[in-house]
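Trainee: give me coordinates for this.
(one chain, ligands or ions: 2)
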Amino acid sequence: MAFSTSCSSVKAVNSRWTSPSPSPSSRFAVLPVFLHRRYATSVKLTATSAALKTVEQTTLTEDNQFSTIGSDSDEYNPTLPKPRILVAEKLGEAGVNLLREFGDVDCSYDLSPEDLKKKVAESDALIVRSGTKVTREVFEAAKGRMKVVGRAGVGIDNVDLQAATEHGCLVVNAPTANTVAAAEHGIALLACMARNVAQADASIKAGKWERSKYVGVSLVGKTLAVMGFGKVGTEVARRAKGLGMNVISHDPYAPADRARALGVDLVSFDQAISTADFVSLHMPLTPATKKVFNDETFSKMKKGVRLINVARGGVIDEDALVRALDAGIVAQAALDVFCEEPPSKDSKLIQHENVTVTPHLGASTKEAQEGVAIEIAEAVAGALRGELSATAVNAPMVDPEFYLTREVSCPISIWSKGVQSIRVVYRSARNRDDLDTRLLRAMITKGIIEPISDSYVNLVNADFIAKQKGLRISEERMVVDSSPEYPVDSIQVQILNVESNFAGAVSDSGDISIEGKVKYGVPHLTCVGSFGVDVSLEGNLILCRQVDQPGMIGQVGHILGEQNVNVNFMSVGRTVLRKQAIMAIGVDEEPDNKTLERIGGVSAIEEFVFLKL
Ligand SMILES: NC(=O)c1ccc[n+]([C@@H]2O[C@H](COP(=O)([O-])OP(=O)(O)OC[C@H]3O[C@@H](n4cnc5c(N)ncnc54)[C@H](O)[C@@H]3O)[C@@H](O)[C@H]2O)c1
Ligand SMILES: O=C(O)[C@H](O)COP(=O)(O)O
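Mentor: Ligands and ions are numbered 1, 2, ... in the order given. So this is what the prediction gives:
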């Protein structure tokens, strides 16, 4: 009795936004598949009985086993609507123009939280600066439509990354284009503060002439502590050296040799704050840096220290700073950023006579804003097109070749019920430390979970969803003698301790097992259960488990031929002569149900599956 099923498997294809002439490797890019599920052209649902039934719909079968997403066409389709991109804060014109070439751009500034929530439900991407809070509620309101959030700048503390990840939304930023602007602003504040420029300006405009009141301090020979030796911190240090300052820095993650190359000593936090005449903040706002400048730390500073902050307001306890200013521990502060932006008008800190303030202007130069706008427009358009983004904040970044191996893990999900424990073996010529398997793991999770649940899985949320579903994935890496040019020589996915709907997929060890390789850039199925095969994972595939006897290829070939279904390859694998074999048949056309039933009716065929890849 033949047992026949049909399924379609996730195919590595482009979204409708792919450029007209994709590069050979781009059709294997993972993001289109991961990000654009809702654009899949068809979803096939097929009953598990011999009487096959194909229905176009997006829901799952009762036993949640056999529905997966069909593939989009590889061709660019200009008739389909463009992606909608909501730009919620002022963005440089060059960036907006770039986005307009690619999508429908809605520039709506100063939206209320409620209006933002309404708009994201109709947008594929959102672009913000630091003034928009992209909260969990925003991601929830988007109902899965919003696939990319672009932060036109560095700090992503206004985006709820955890919520983005859980909703499968990629977050990209523009981390480099405003570095110099921020560093220049830091130096501007340092110099203005030291020479009372803002106060003297206000005084003279008020009709006064107070030359003795505004005697400043010199910078040359003074010690500047740069807190955070990243992009901006490094540029500030470089410029401060040019002003003749002695620069030290604290950054737990910065390499000492990079600092040394600039003549900067990396020191401990306490050493930095206790020896500096000027302290300039350049670390991100994280749980570890929140209010790290507080009563205790101010008390350790040199009396008369001067503080500059162009990083994030939240790293300072603002009430503690007011106390330190009043006590004369901090002689002056120059602040571009605040805990709450804009700060309240009557804030004691803002009104303090020894405080110079600017309204978050660090990145606000013409040059930086044009640069940031282009950087973020390219990152967002790229992500929507399915390209890897070098500035993705919440996604693992791995070599593009890895995507090729996704398909080897797809069919296995439909052969098993109640998957809980998965073992993956990667055979690779690369040494263990040189093999990043995060994306592969994400693909496997996607391949296994999506057919059996309504979860939307992408590379951003795969680990999170796997954990949520109690899926245990153990990974093993084996070093083999092959070309290290390719990250993975072969990949074997095993599902442990479950019943199989396709007995041919069960290996000698009793687990469902499937193995694949990438050959000439195309994923190949190389082992099903204990049977060796060699089949490219493309197009339509019929896999039959049968008695190993003469005439099988002829019989099946004849049935297909009669229905005008063209066979493009065949591969037979067997374990013991004249016992059992697996026959893999690639066909150009999709056989109709009647044809599949006839194949299932061949007496020596014990079971078969039809895979639409
Ligand atoms: N005011 C503005 O308009 C403006 C403009 C650009 C950047 N920024 C802000 O400046 C900050 C730095 O930006 P960047 O581009 O240099 O980022 P970056 O990631 O290149 O540098 C941050 C550095 O801080 C270090 N760091 C992390 N935790 C630390 C800690 N506890 N103590 C000391 N150092 C720590 C990191 O190791 C890193 O080297 C960010 O907060 C960014 O949002 C503000
Ligand atoms: O983190 C940043 O890039 C800066 O704070 C700039 O923020 P902005 O884009 O709101 O000026």
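Trainee: ok, the residue nearest to residue 221 when sequence neighbours are not counted - how many residues close by?
Mentor: With sequence-adjacent residues excluded and distances taken as CB to CB, 6 or more residues apart in numbering, residue 221 is closest to residue 244, at 6.4 Å. Quick note: C-beta positions are derived from backbone N, CA and C, even for glycine. Applying other CB atoms under 10 Å, we find 11 other residues in the vicinity of residue 244.
Trainee: give me the element residue 244 is part of.
Mentor: Assessed by DSSP states H and E, residue 244 sits outside every helix and strand.
Trainee: wait, it touches residue 263, no?
Mentor: No: checked against CB atoms under 8 Å, the pair residue 244 and residue 263 is beyond contact range at 11.8 Å.
Trainee: what's the neighbour count on the residue in the stretch 451-600 of the chain positioned nearest to ligand 2?
Mentor: Using CB to the nearest ligand atom, the point where the stretch 451-600 of the chain gets nearest to ligand 2 is residue 460, with a distance of 21.5 Å. Burial measure for residue 460: 27 neighbouring residues, criterion other CB under 10 Å.
Trainee: just the strands from the stretch 101-250 of the chain, written as ranges.
Mentor: 104-107, 125-128, 148-151, 170-173, 223-227, 246-250 (DSSP state E, counting those that start in this stretch).
Trainee: what about the nearest residue to residue 157 once chain neighbours are set aside, distance to residue 550?
Mentor: Beyond its immediate neighbours in the sequence, the residue positioned closest to residue 157 (CB to CB, 6+ apart) is residue 285, lying 4.5 Å away. As defined by CB to CB, to the nearest Å, residue 285 lies at a distance of 73 Å from residue 550.
Trainee: so for the two, which sits in the more crowded spot?
Mentor: residue 285 (20 against 7).
Trainee: roughly how far does that one sit from ligand 2?
Mentor: Residue 285 sits 10 Å away from ligand 2, taking CB to the nearest ligand atom, to the nearest Å as the criterion.
Trainee: burial count for whichever residue of the chain sits closest to ligand 1?
Mentor: Taking CB to the nearest ligand atom as the measure, the point where the chain comes nearest ligand 1 is residue 230, at 1.7 Å. By the other CB under 10 Å criterion, the neighbourhood of residue 230 contains 18 residues.
Trainee: what's the answer for residue 158, then?
Mentor: Based on other CB under 10 Å, the number of other residues close to residue 158 is 18.
Trainee: do residue 579 as well
Mentor: Applying other CB under 10 Å, we find 10 other residues in the vicinity of residue 579.
Trainee: I'd say it and residue 548 touch.
Mentor: Yes: look at residue 579 against residue 548 with CB under 8 Å: they come within range, at 5.7 Å.
Trainee: beta partners of residue 423?
Mentor: Following DSSP bridges, residue 423 is listed with bridge partners residue 474, residue 494.
Trainee: list the contacts for it?
Mentor: In this structure, residue 423 makes contact with 473, 474, 475, 476, 493, 494, 496, 511, judged by CB atoms under 8 Å, 6 or more residues apart in numbering.
Trainee: re earlier: tell me the contacts of the residue nearest to residue 157?
Mentor: By CB under 8 Å, 6+ apart, residue 285 lies in contact with 155, 157, 311, 312, 314, 315.
Trainee: and residue 378, by the same measure?
Mentor: Residue 378 is in contact with residue 98, counting by CB under 8 Å, 6+ apart.
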